[in-house]
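Enquirer: I would like the atomic coordinates for the input below:
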Amino acid sequence: MANKITAIRGMNDIFADSAEAFDYLVKTSENVLHQYGYHSIRLPLVEKTELFARSIGEVTDIVEKEMYTFADRNGDSLTLRPEGTAGCVRAVIQNGLTHNQVQKLYYTGPMFRYERPQKGRYRQFHQFGVEVFGLPEGQIDAELIILSARLWEQLGLENLELQINTLGSNEARMAYRQILVDYFSEHKEQLDEDSLRRLDSNPLRILDSKNPDMKELIEQAPKLIDHLDADCLQHFEEVKAHLDDCGIEYVVNPNLVRGLDYYNRTVFEWVTTELGAQGTVCAGGRYDGLVEQIGGKATPAVGFAMGIERLVALLMDKNLVPPQRQADIFLVLLGEKVTRPGMVLAESLREAFPQANVQMNIGGGSFKSQFKKADKSGAAYAIVLGDQEVEQQVAAVKPLREEGEQKTVAWDELVDYMQPLLNA
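Expert: Coordinates of the predicted model:
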């Protein structure tokens with residue numbers, strides 16, 4: 001016997017209840033985005049490695065340690081996308097979508113990072129991303145946060161905390177960067193290995209360290225918000241004012257810096273304490289310099305991404321996924337002559353009632369076993385065909401969920417007979 005082939009570690013099959021929850025989350029998200037006038041975009045899974053090195057930052061953990069990168073037959077370096085924003089920016093530049101126009105886009109699909117698999121963190125994971133191009137106002141930053149809050153409400157998710165911060169302009173952040181380097185350099189003996197490595201390459205990421213031994217040192221570090229220019233402070237105040245007006249509660253977290261180099265001004269995260277260490281379920285912010293950095297014309301941009309696996313875990317833990325829609329009609333087929341006319345009859349019902357769930361027995365079986373299948377399907381009505389019904393071109397319609405008599409109905413009258421029953 002050949003050895004069993006299994007899935008790659010950290011790349012999981014999604015099926016049964018998890019798949020139902022996955023689909024429910026995506027469909028609900030799409031419905032909310034449509035309410036706000038956003039449009040779908042489909043992006044490739046594979047991009048040139050240079051795109052991520054240039055956008056995410058060559059000295060980030062993602063680019064240095066986590067990307068799935070390979071050379072194709074032409075020798076070009078390609079990478080499975082580790083996140084969606086860079087590919088979306090590349091797409092809008094390449095297709096001229098930012099020329100004197102605003103774009104409000106969303107996408108969903110798998111991302112890939114070579115990480116240590118754990119609950120809520122996988123090597124193939126799925127994101128739902130939202131990106132806006134062409135609007136510099138804080139109003140659009142607030143809209144993205146507000147629509148995500150509306151999504152949580154529609155999903156029934158509670159106890160998600162919104163944390164916000166501002167990273168200021170690139171100029172202000174670079175000046176602050178040196179202030180941080182000077183501060184942490186004076187306390188090198190208290191820095192762990194990761195922080196020492198980041199001291200020169202990305203000192204803002206030290207603020208996001210989860211090492212409890214460094215908590216006091218980080219809390220006493222200079223705050224970015226104390227070193228921002230007036231325009232950035234005004235932008236942040238505008239975002240907060242819109243959130244206040246719409247009743248969105250938030251916490252200003254001065255140590256929220258996000259893990260990617262391209263962010264500026266507004267950054268935010270929705271976090272929960274109900275998923276262990278992987279508590280961030282949605283995160284994003286503004287990245288005004290990225291379009292120009294990748295080769296386009298300078299364009300203001302802002303967006304966020306949701307972790308689908310983490311949100312699915314929350315939905316399932318709280319039993320918030322509606323049950324899978326059950327059958328409306330189940331065709332019970334008994335006898336040698338019924339298979340072909342039964343198939344035709346089922347198709348005529350699907351044609352007449354496109355919203356109905358019409359199932360039929362396939363593979364034979366006794367009257368009793370087929371009615372067990374009909375009951376398990378949840379169907380409201382069974383339509384029974386035997387050899388005698390085929391000869392007479394009639395069908396027996398039997399209610400399964402309520403009191404009522406079985407009726408014999410001619411095939412050419414079946415649609416009219418079922419109409420009021422299905423619309424009741």
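Enquirer: where does the spatially most central residue of the chain fall, phi/psi-wise?
Expert: Centroid-nearest residue in the chain, with C-alpha atoms, centre = their mean: F128, separated by 2.8 Å. Phi and psi for F128, reported as degrees, to the nearest 10, are phi -110, psi 120.
Enquirer: Pull the contacting residues for it.
Expert: When contacts are counted by C-beta atoms under 8 Å, 6 or more residues apart in numbering, F128 touches 25-26, 29, 106-108, 305-306, 308. C-beta here means a position set from N, CA and C on the backbone, and glycine is covered the same way.
Enquirer: domain parsing for the chain?
Expert: 16-169+228-317, 329-422 (automatic domain parsing).
Enquirer: Tell me which of those is the most buried.
Expert: Ranked by mean neighbour count under mean count of other C-beta atoms under 10 Å, the domains of the chain are led by domain 16-169+228-317, which reaches a mean of 18.
Enquirer: Can you get me the start-to-end distance on that one?
Expert: Start-to-end span of domain 16-169+228-317 (C-alpha to C-alpha, to the nearest Å) is 15 Å.
Enquirer: ok, which stretches of the stretch 251-400 of the chain are strands?
Expert: For the stretch 251-400 of the chain, the strands defined by DSSP state E, counting those that start in this stretch occupy 251-252, 264-271, 280-286, 301-307, 329-333, 358-360, 381-385, 394-399.
Enquirer: State the paired neighbours of whatever helix or strand comes next after the last one in the sheet, together with their directions.
Expert: Where DSSP states H and E defines the elements, the next helix or strand beyond strand 394-399 is strand 407-410. For strand 407-410, the paired strands and their directions (DSSP bridges) read strand 394-399 (antiparallel).
Enquirer: mind giving me TSV with the domains of the chain and columns for distance to E193 and mean pLDDT?
Expert: As requested, those are exported to TSV (distance: least, C-beta to C-beta, whole Å; pLDDT from 0 to 100):
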stretch	distance to E193	mean pLDDT
domain 16-169+228-317	13	91
domain 329-422	57	92
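Enquirer: Which of the strands of the stretch 251-400 of the chain sits closest to L180?
Expert: L180 lies closest to strand 264-271 among the strands of the stretch 251-400 of the chain, at 16.1 Å (C-beta to C-beta).
Enquirer: Please name every helix or strand in contact with that closest one.
Expert: On a contact count with 3 or more C-beta pairs under 8 Å, 6 or more residues apart in numbering; DSSP states H and E, strand 264-271 meets helix 138-155, strand 161-166, helix 230-245, strand 280-286.
Enquirer: Quick check: T108 vs P82, distance?
Expert: Between T108 and P82 the computed distance is 16 Å (C-beta to C-beta, to the nearest Å).
Enquirer: for the residue lying closest to V415 once chain neighbours are set aside, what are its contacts?
Expert: Leaving aside its sequence neighbours, V415 sits nearest to A352 (C-beta to C-beta, 6 or more residues apart in numbering; 4.4 Å). Neighbouring residues of A352 by C-beta under 8 Å, 6+ apart: 415, 418-419.
Enquirer: Then L349?
Expert: L349 touches 329, 356, 358, 383, 414-415, 418, counting by C-beta under 8 Å, 6+ apart.
Enquirer: 10 Å - rerun?
Expert: Contacts for L349 were tallied using C-beta atoms under 10 Å, 6 or more residues apart in numbering; they are 328-329, 331, 356, 358, 360, 383, 414-415, 418, 422.
Enquirer: Distance to G404 for these - can I get that in CSV?
Expert: Compiled in CSV, the contacts of L349 are given as follows (distance: C-beta to C-beta, whole Å):
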residue, distance to G404
D328, 15
I329, 15
L331, 18
A356, 18
V358, 19
M360, 21
I383, 14
L414, 16
V415, 19
M418, 13
L422, 14
